[in-house]
Each structure stands twice: as C-alpha cells, then as structure tokens.
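Student: sequence and predicted structure, then a few things I'm wondering about:
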Amino acid sequence: MKTNIQASKQLLETIQKLGKSLHFFAVGIANGELENKENPLRKWLEEGYQAGMTFFHRSFEKRLHPLEGLPEGKSIICVSMNYWQDHQTPVARFALGRDYHDVMRQRLQQFVEQLQALIGPFRSRIFVDSSPVMEKALAAKAGLGWIGKNTLLIAPKEGSWCCLGGVVTDLALPETPFVKSRCGTCQRCVQRCPTQALVAPYVLDARRCISYLTIEHKGSIPEELRSKIGTRIFGCDECQVVCPWNRWAKNTLEQDFKVRTAFKKMGLVEMFLWTQEEFLKHTEGSAIRRLGYERWLRNLAIALGNSSKSAHALSALKMRKKEASDLVKEHICWAIDCLHQE
Ligand code: B12
Ligand code: SF4
C-alpha cells in the first residue's frame, strides 16, 4: 500500500515537472465528479444566462461527467497557460495572437507523447474547449486556483490571464489539493463591469456580457448595450484588468500568443475598411476568423460610433453603408447618429 502511494506521488511529480517544462503554469489532477445537489450549471441555465449558447442544453449530462468521455477514464490532468501581454488594443488579450485552441492542443499533444515515452502507454483524450467539459470547475477541483467573483479561474501567483485545458486519462492519479477562494470582500469586477453582466458575485449573465455580444452573438446587438461596449471589437478584459490578483501578471512565454502587427498598429477605421480578403489574411490562424467578416464589420461600426468624432470615421461609415448587409447597415446608422450627436 505504502509503495503504491509513493509510486503515485512520484508519477504526479513527473507529470507536474513535464507540464512546467512545456510552459503550463499550473498542472493538477481532478477526479471527474462534478454533480452536486445545488449544481450551479442547472441554475444558470434555468435563469437563461446562457443567452444563445444552446449547446449547453444538449450536453448538460456530459458536462457533469467528464470521465465518461474516455473508456475506463479515471483521472483528469488539468493545465493552464498564461497568455498575458502588456498591450491595450480593441481586441481582448486572449485573441491577440494565434488561436489558443490550436496552441494548447498542440502542446497537450506533446505532453501526452512525452509522458508516454516516460511511463509507457495510457489512454488519453485532450480537451481545450473542444468537448463538453466544465474547464473552470475542473481546474478549481484540481487546485489550479479558485473561481473568482468574475467567474474566472484565478491562480494564487499568476492570476487569471490563462487559458485552460486538460487530458482525460485512464491513469489512477492522486487528486491535488483544493485552493480556497481568496476574493474576500473585494467586489471590483462586479462593480466595474461596463454592462453589469455580473449580476451577482460568481454569476454572469451572458446576455449582457461584452465578450458574448462581440464573439458569440449572431444578430443585432441590443441598442441599450452598444454605447457600453466602448471600442472593444472582440472580447472584453475589464473584469480581469481590475482584479488585484492580476497585478503580478508576467508576459507570456509563448511566441504564438504575441500580438499580431495588424492589431498593434492599425486603427479602428483602417480595420473597418479591410476588404473580406484582408480580413481573412490578417486573421489567419486567429480565433477572430470564426467571427466572420459581417460580424467583424458590425463590431467595428459600434466601436466607431463610440469613438471620438472624426471626418475620417464618418466618411468610412458612410462609404461602407452603401454596400453593407442589413445587419451591418443598422449598426452603421446607429454609429453615424452617435457621431452626429457629439
Ligand atoms: C461559455 C463560455 C463563455 C461565455 C460565458 C462565460 C461564463 N462565465 O460562463 C462567454 C462568451 C461570456 C465567455 C466569455 C469569456 N471567456 Co469563456 N468560456 C466559456 C466556456 C466554453 C464554458 C464556460 C461555462 O461552462 N459556463 C457555464 C457556467 C455555469 O459555468 P461557470 O462560470 O463555471 O459558472 C459558475 C461558476 O462560477 C459557479 N461556481 C462557482 N464556484 C464553483 C465551484 C464548482 C465546483 C462548480 C461546478 C461551479 C462553481 O457558479 C457559476 C454559476 O452561476 C469555457 C470553456 C469550457 N469548456 O469550460 C470558456 C472559458 C471559461 N472562457 C475563457 C475566457 C478566457 C473568456 C474571456 C476572458 C474572453 C474575453 N477576454 O473576452 C471572457 C470572460 C468573461 C467572464 N467574466 O466569464 C477561459 C477562462 C480561463 C480562466 N482563467 O478561467 C475558458 C475556460 C476557455 C479556456 N479553455 O481557456 N466565455
Ligand atoms: S468580460 Fe467585460 S462585460 Fe463580460 S463580465 Fe467581464 S467586465 Fe463584464
């Protein structure tokens, strides 16, 4: 028995060391059970906070039992990877470089191959927001950090500027210790959210969240929220920027995450005037590409309406209006009205 415990401790050390060498800033183990009497996912869905993300209903049970995604699945190796960089652009930091799904998947693949070379074959299934898995709840269970009032996973030393992922395995691994919440009485994220999307600590109403509206939402953006979006064109970082636990954020080690020149150098008008070909060229390999050109223009029209009035912005909006789809045209008209009112 004693030797078994020792062997599994050693295995855990090997896994954590390997993970760190591959630039994961935290590595922990969770067993898969998430079901509890007051399941927060159920309540969240009942309130309609998922907005148009209907996939949650389809995969409800699977999300609670992540081990079932792998025959004889026993443990889940959870990892996080830092994407922070000190650039303020209209694009949220997680999307400034290459798509994190690709970066993480490739790195997790390397991790599995190298671990198999060290300890022999085992079954595995990688996830990076690719299967119905509750990545934050699992990461919290594995002790990578705690779920903060902004609903994101916060790590004690690194903060929340990280993406999450993991590997379901048939290895029987010891669960790593849980980290207690350190949010305390702080409410900065809840108070500073521009659209009051954090309707209570730990509860996010996606229908109001700028990240949802600019990335996931397909149609017209509710008019009463447009002015609050400011000049954000893809995602929102506000509830992380204000979090005191992010004070010590360090620049990412991943070259692939580094900001693309287009987002660093180009202004809103220039990006709004990209042709579809230019949009595809500048967003190749980026998470932004999945937004599509039409929603890209929709978001930029709002950002221009919220920026300071300039002849350049007005003429770009008027020019685009001539050939725009109904969706984009509606947002352009709103933006022109905003600029005329200034
Ligand atoms: C749907 C989704 C969104 C939606 C909804 C966000 C949300 N808070 O749920 C939208 C589009 C708004 C969104 C936005 C963003 N997202 Co997102 N998103 C997801 C996704 C696909 C599922 C999340 C989910 O299951 N939500 C449902 C609710 C019920 O889950 P929950 O937040 O865990 O909810 C509860 C908990 O906080 C819970 N709770 C508190 N304590 C505990 C303890 C336990 C054990 C449990 C079970 C629950 C629990 O109570 C809440 C219910 O009210 C995950 C990837 C994945 N597969 O997990 C990425 C993910 C959460 N997103 C991520 C990121 C980076 C973002 C953005 C920062 C991007 C940006 N800059 O614009 C923003 C942040 C907005 C915010 N404050 O959450 C990262 C987060 C990394 C981290 N450090 O936590 C993830 C993990 C993707 C990844 N693989 O890295 N996202
Ligand atoms: S991402 Fe922005 S809009 Fe969404 S909850 Fe955080 S601060 Fe609010």
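Tutor: Yep, that arrived. Ligands and ions are numbered 1, 2, ... in the order given.
Student: R105: what's it in contact with?
Tutor: 126, 128, 130, 165 (C-beta atoms under 8 Å, 6 or more residues apart in numbering). For the C-beta atoms, the positions are set from N, CA and C on the backbone; glycine is no exception.
Student: helix, strand, or coil at the nearest residue to Y212 once chain neighbours are set aside?
Tutor: Leaving aside its chain neighbours, Y212 sits nearest to A206 (4.2 Å; criterion: C-beta to C-beta, 6 or more residues apart in numbering). Under DSSP: H, G, I helix; E, B strand; the rest coil, the three-state class of A206 is coil.
Student: residue contacts, A206?
Tutor: 49-51, 53, 197, 212, 216.
Student: ok, now T283?
Tutor: Neighbours of T283 in contact, by C-beta under 8 Å, 6+ apart: R289.
Student: measure it to L213 for me?
Tutor: T283 is 19 Å from L213, where distance means C-beta to C-beta, to the nearest Å.
Student: with D170 instead?
Tutor: D170 is 41 Å from L213, where distance means C-beta to C-beta.
Student: more neighbours: which of the two?
Tutor: L213 (26 against 16; other C-beta atoms under 10 Å).
Student: correct me if wrong: the more buried one contacts I229.
Tutor: Yes: counting by C-beta atoms under 8 Å, L213 touches I229, with 6.8 Å between them.
Student: what do these two both touch?
Tutor: Shared contacts of L213 and I229, defined by C-beta under 8 Å, 6+ apart, comprise I221.
Student: secondary structure element for K228?
Tutor: In this structure, K228 sits in helix 223-229 according to DSSP states H and E.
Student: pull the distance from that helix to the chain's centre.
Tutor: The chain centroid and the centroid of helix 223-229 are separated by 22 Å under C-alpha atoms, centre = their mean, to the nearest Å.
Student: so is it next to ligand 1?
Tutor: No: residues of helix 223-229 contacting ligand 1 under C-beta under 6 Å from any ligand atom: none, with a closest distance of 11.8 Å.
Student: any idea how far the residue of the stretch 1-150 of the chain found nearest ligand 2 lies from T252?
Tutor: Closest to ligand 2 within the stretch 1-150 of the chain is N150: 5.8 Å, counting by C-beta to the nearest ligand atom. Distance, N150 to T252, using C-beta to C-beta: 20 Å.
Student: which helices and strands does whichever helix or strand S211 is part of pack with?
Tutor: S211 belongs to helix 210-211 when assigned by DSSP H and E. Applying 3 or more C-beta pairs under 8 Å, 6 or more residues apart in numbering; DSSP states H and E, one finds that helix 210-211 contacts helix 223-229.
Student: for the record, mean pLDDT for the helix it packs on?
Tutor: Confidence for helix 223-229, expressed as mean pLDDT, is 98.
Student: mind giving me the packing neighbours of that helix?
Tutor: Packed against helix 223-229, as judged by 3+ C-beta pairs under 8 Å, 6+ apart, are the following elements: helix 210-211, helix 293-305, helix 326-341.
Student: can you name the residues of the stretch 151-300 of the chain sitting close to ligand 2?
Tutor: Going by C-beta under 6 Å from any ligand atom, the residues of the stretch 151-300 of the chain near ligand 2 are 193-195, 197-198, 204, 209-211, 236, 238-239.
Student: could the residues you listed be laid out in a markdown table, adding neighbour count?
Tutor: Output for these, formatted as a markdown table (neighbours: other C-beta atoms under 10 Å):
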| residue | neighbour count |
| --- | --- |
| C193 | 21 |
| P194 | 17 |
| T195 | 19 |
| A197 | 26 |
| L198 | 22 |
| L204 | 23 |
| C209 | 26 |
| I210 | 24 |
| S211 | 20 |
| C236 | 22 |
| E238 | 20 |
| C239 | 26 |
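Student: L64: which of the residues you listed is nearest?
Tutor: Taking C-beta to C-beta as the measure, L64 lies nearest L204 of these, at 19.2 Å.
Student: residue contacts, the residue in the stretch 51-200 of the chain that ligand 2 sits nearest to?
Tutor: Per C-beta to the nearest ligand atom, C193 is where the stretch 51-200 of the chain lies closest to ligand 2, at 3.2 Å. Going by C-beta under 8 Å, 6+ apart, C193 touches 150, 209, 238-239.
Student: quick check, pLDDT for T54.
Tutor: According to the model, T54 carries a pLDDT of 91.
Student: can you report phi and psi for V241?
Tutor: phi -60, psi -40 (degrees, to the nearest 10).
Student: burial check on it, number of neighbours?
Tutor: By other C-beta under 10 Å, neighbour count at V241 equals 15.
Student: same check on S131?
Tutor: 15.
Student: and the closest residue in space to C338 that isn't next to it in sequence, how far from ligand 1?
Tutor: In space, and not counting its chain neighbours, C338 is closest to G305: 3.9 Å by C-beta to C-beta, 6+ apart. For G305, the distance to ligand 1 equals 20 Å [C-beta to the nearest ligand atom, to the nearest Å].
Student: all set now, cheers.
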